[in-house]
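Trainee: Based on what follows, work out the 3D shape:
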Amino acid sequence: MDQPKQNQASTSTSKALQMNIDRNKTVIVYNRVNNYILTALLEAVFKHDN
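Mentor: Take a look at the predicted model:
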């Protein structure tokens, strides 16, 4: 009897971006980050001067 193939999504994560913010501060972003989290992180790191 044929069994249906299951689609297995890749659950492995890998480093997509690493930013050295300060001498003792590094931000590492992995490939499975949500867009709104990445946006909030970038806005916090790169604050706009208005």
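Trainee: State the helix or strand in which Ala16 lies.
Mentor: In the assignment (DSSP states H and E), Ala16 maps to strand 15-22.
Trainee: May I see the buried residues of that strand?
Mentor: Along strand 15-22, not one residue counts as buried under the neighbour rule (16 or more other C-beta atoms under 10 Å). Quick note: C-beta positions are derived from backbone N, CA and C, even for glycine.
Trainee: Show me the contact partners of that strand.
Mentor: Contacts with strand 15-22, where a contact means C-beta atoms under 8 Å, 6 or more residues apart in numbering, come from Thr26, Val27, Ile28, Val29, Tyr30, Asn31, Val33, Val45.
Trainee: If the fourth one is in a bridge, with which residues?
Mentor: Just to be clear, that refers to Val29. Beta-bridge partners for Val29, by DSSP bridges, are Leu17.
Trainee: Neighbours of it, how many?
Mentor: By other C-beta atoms under 10 Å, 15 other residues sit near Val29.
Trainee: Let me know whether it touches Leu38 as I believe.
Mentor: Yes: using C-beta atoms under 8 Å, Val29 is in contact with Leu38, at 6.5 Å.
Trainee: So what's the gap between the strand holding Ala16 and the chain middle?
Mentor: 11 Å (C-alpha atoms, centre = their mean, to the nearest Å).
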